[in-house]
Every structure is written in C-alpha cells, then in structure tokens.
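K.L.:
Mind looking at a prediction? Sequence and model below.
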Amino acid sequence: MDFFNDVLGIETNKSDLSDEQMEEYRMTSSFKMKEIARLRKVFLEATKGNEEMNKDIFIEFPCIVSNPLKERIAFCFGYTDNHLDLDFREFLEGVSAFNSIGRVNQKLKLAFKIQDFDGDNVISRDDLKHYISIITANTLNEKDLNTLVMNVMKETSSDPNNMSISLADFQRVVIKTDFQSKLQLQF
C-alpha cells in the first residue's frame, strides 16, 4: 500500500523522471503521475532503455500494428520523413492527444489530420478516396468507391462544388458521433 497515494490521495513520483519533469509532463498531458510513470515504463521497455523511439518500434505496439491507419497514426505522433525518432515527451504528447478526455477540439483536429493525406488543411476527394480505400482494405470496386466519396462530399461539404471538406465541415458532422471513444490508443 502506498500511504501517500492510497490513503492521503497525494501522488508520488515513482519513475526515473525528476519531479520537475513529472510535473511538466502532467501539466502538458493532463495525465496523472501514475499514468505518466506507466507510459514511461512502456516507452523504455519498447526502446530497450533508449531515450528515443523509432517508427518501426512504434508501429509494433499491439494497439497500432493491426490498425490500417498505422502510418497516419505515426504521422500524427510526429513521425515524418525528416523526423524519424520520438523522445518520451513527443510520445506522451501523442498518447495524450489520442486519449485525453475533454479535449474535443484537439481530437477533432487529430481525426481530421488523419484523413488529410496531402496536408493542405482540407479533405479533398482524393484524400477521402485514399482514406476509404485504406479502411475498407481496398475491397470496394472503383465505381462503388467513387459513389461513396461523392455521397460523403454531398452530405458533408459546404463547398458549392463538393470538392473538399473543411475542418468546420468535418467538425459539424463528426461532433454528433461518438468519435472520442473510438479515437483512443491503449498502450
């Protein structure tokens, strides 16, 4: 029994992180110290004690490996062609973005970013087609895929030509769903 934590409700730092680091991570992630310490342990076990995690290790996490959007998830964590490794802070910020309750706008932007493949701040027909192809494992024929994309654009886009979905369009539609509970990663 941890007297301070269990009896008094006072969190104590039980990790290799300094108290200052722990407090900084707590403030930026909204996780409690116990969860930060657990995630630090997960990070260090995955990297075999290294302070940086490469994308290959990241993608092998059980909550990532079988996800058809694993490349997009890695991108949302910060992996790019020029940024090949994440430190613990970046990892923690990524986990927080996916898992923090109450950060609706942050999660909406994250869900949008997953689908904006070309990074132009709109979901184009090509972005949507690419996204649907990935999540359906390319099981739709071209005609059905194009019909689905056209219907989604008609229902979602405020663009008079139905050529793109803005963040505002996306938010208007997705906020009505239970997207927050589905956009989580269990490390």
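P.N.:
Sure, I can see it.
K.L.:
Next one: the residue nearest to the spatial centre of the chain from I64, what distance?
P.N.:
The C-alpha lying nearest the average C-alpha coordinate of the chain belongs to F98 (CA atoms, centre = their mean; 4.2 Å). In this view, F98 and I64 are 11 Å apart by CB to CB, to the nearest Å. Quick note: C-beta positions are derived from backbone N, CA and C, even for glycine.
K.L.:
same deal with I57?
P.N.:
In this view, I57 and I64 are 10 Å apart by CB to CB.
K.L.:
same thing with R89?
P.N.:
As defined by CB to CB, R89 lies at a distance of 19 Å from I64.
K.L.:
With neighbour numbers in mind, choose between these two.
P.N.:
Between R89 and I64, I64 has the larger neighbour count (other CB atoms under 10 Å), namely 17 against 13.
K.L.:
CA atoms only: put the helix or strand bottoming out on mean pLDDT in the chain into CSV for me.
P.N.:
For the chain, the helix or strand with the lowest mean confidence is helix 179-182, at a mean of 78 (criterion: mean pLDDT, DSSP states H and E). Coordinates of each C-alpha in helix 179-182 appear next as CSV, following Å, rounded to 0.1, in the frame of the first residue of the first chain:
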residue,chain,number,x,y,z
PHE,A,179,-15.7,9.6,-32.2
GLN,A,180,-13.9,10.4,-28.9
SER,A,181,-14.3,6.9,-27.6
LYS,A,182,-13.2,5.4,-30.9
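K.L.:
helices or strands next to it in the packing?
P.N.:
In this structure, helix 179-182 makes packing contacts with helix 104-115, judged by 3 or more CB pairs under 8 Å, 6 or more residues apart in numbering; DSSP states H and E.
K.L.:
and the helix it packs on, what does it pack onto?
P.N.:
Under the contact criterion of 3+ CB pairs under 8 Å, 6+ apart, helix 104-115 touches helix 70-77, helix 88-99, helix 125-135, helix 167-174, helix 179-182.
K.L.:
Quick one: residues in contact with that helix.
P.N.:
When contacts are defined by CB atoms under 8 Å, 6 or more residues apart in numbering, helix 104-115 is touched by residues 69, 72-73, 75-76, 97-98, 100, 123, 127-128, 131, 167, 170-171, 174-175, 179-180, 183.
K.L.:
how about it: buried residues?
P.N.:
107-115 (16 or more other CB atoms under 10 Å).
K.L.:
M153: neighbour count?
P.N.:
20.
K.L.:
List the residues that contact it.
P.N.:
Counting by CB under 8 Å, 6+ apart, the residues that M153 touches are 125, 128, 162-165.
K.L.:
How many residues are close by F88?
P.N.:
F88 sits with 19 neighbouring residues when counted by other CB under 10 Å.
K.L.:
The residue lying closest to it once chain neighbours are set aside: which element?
P.N.:
Closest residue in space to F88, ignoring its immediate chain neighbours: F43 at 5.3 Å, by CB to CB, 6 or more residues apart in numbering. Following DSSP states H and E, the helix or strand that holds F43 is helix 33-46.
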